[in-house]
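1. any chance you could fold what I've pasted below:
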Amino acid sequence: VGVVFVCVVFVGLGAGFSGVLAPFWSLFVVGVGFLLLVRIGITALSLLFGSTWTVNVAVIASILCVALIGARLTAANRQLPVITCLVALTVLLAISALLPPGQLVTTLPWLRWIIAAAYVGLPVLFGTMIFSQILAEQESPAAALAFNTLGGVAGGVLEYASMVLGISALNWLAIAAYTLAVAVLLLKRRPVS
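-> Model (predicted):
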């Protein structure tokens with residue numbers, strides 16, 4: 001809550017009061033959720049393959065590739081509905097929270113890679129489709145991306161909650177962030193009567 005308050009203050013100082021009331025908070029929250037997904041991915045693959053710089057490079061590269069695939073699917077209008085993406089993301093992150101990656105270690109290297117791809121890649125894919133659909137509905141993409149970047153900073157700070165709550169708690173925080181973002185999107189889509 002403190003991190004969000006500080007971000008609101010920074011937006012207010014930079015953009016004035018109208019910036020605080022801007023309709024881009026769903027992208028702010030998606031930024032928080034995405035950074036949490038990255039931390040979850042790095043931690044999971046470090047447990048599966050060891051904590052080396054090579055693993056970190058592989059995680060970040062694969063996250064960027066999967067994010068590109070999700071964005072391309074949305075651009076080609078082949079994305080799943082936002083509610084379907086949220087349900088899939090929620091199920092995957094709940095499984096991730098309840099089944100830590102250390103329990104997925106196997107002696108078969110090829111199976112470990114398949115597990116890693118699903119464990120890290122699928123949540124990022126669904127998260128990216130949610131992001132792309134929210135961004136597509138924004139009137140000012142530049143301002144919306146600024147809020148998303150600020151949300152990423154807040155997510156980076158929120159990662160430190162894992163020191164108190166544990167790594168699996170980041171899954172629940174990411175679920176909350178994406179659920180809030182989709183709720184804001186759906187409220188915005190409602191016709192005004």
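
2. quick one: residues contacting the residue nearest the centre of the chain.
-> Nearest residue to the geometric centre of the chain (C-alpha atoms, centre = their mean): Phe34, 2.2 Å. Applying C-beta atoms under 8 Å, 6 or more residues apart in numbering to Phe34 gives the contacts 127, 131, 151-152, 155. C-beta here means a position set from N, CA and C on the backbone, and glycine is covered the same way.

3. Ala88 is in contact with Phe126, isn't it?
-> Yes: contact status for Ala88 versus Phe126: in contact at 4.8 Å, counting by C-beta atoms under 8 Å.

4. so between the two, which is more surrounded?
-> Phe126 (27 against 18; other C-beta atoms under 10 Å).

5. mind telling me what element that one is part of?
-> Here Phe126, judged by DSSP states H and E, is contained in helix 122-136.

6. before we move on, what about Ala144?
-> helix 141-158.

7. show me what the helix or strand just after that helix is packed up against.
-> Counting by DSSP H and E, the element after helix 141-158 in chain order, helix or strand, is helix 162-165. Using 3 or more C-beta pairs under 8 Å, 6 or more residues apart in numbering; DSSP states H and E as the contact test, no helix or strand touches helix 162-165.

8. list the buried residues for helix 162-165?
-> Neighbour counts over helix 162-165 (16 or more other C-beta atoms under 10 Å) mark Ser162 as buried.

9. please save the CA atoms from it in CSV.
-> C-alpha atoms of helix 162-165 as CSV (Å, rounded to 0.1, in the frame of the first residue of the first chain):
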residue,chain,number,x,y,z
SER,A,162,8.9,-12.1,-0.6
MET,A,163,11.4,-11.7,2.2
VAL,A,164,8.6,-11.5,4.7
LEU,A,165,5.9,-13.5,3.1
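
10. C-terminal to it, what's the next element?
-> helix 168-189.

11. same for that following helix, what does it pack against?
-> helix 25-49, helix 82-98, helix 122-136.

12. quick one: which of those is nearest Ala181?
-> Closest approach to Ala181 among the helices and strands packed on helix 168-189 (C-beta to C-beta): helix 25-49, 4.4 Å.

13. any chance of the helices and strands packed on helix 168-189 in TSV, plus distance to Tyr160 and mean pLDDT?
-> As requested, those are arranged in TSV below (distance: least, C-beta to C-beta, whole Å; pLDDT from 0 to 100):
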stretch	distance to Tyr160	mean pLDDT
helix 25-49	10	88
helix 82-98	18	93
helix 122-136	21	90
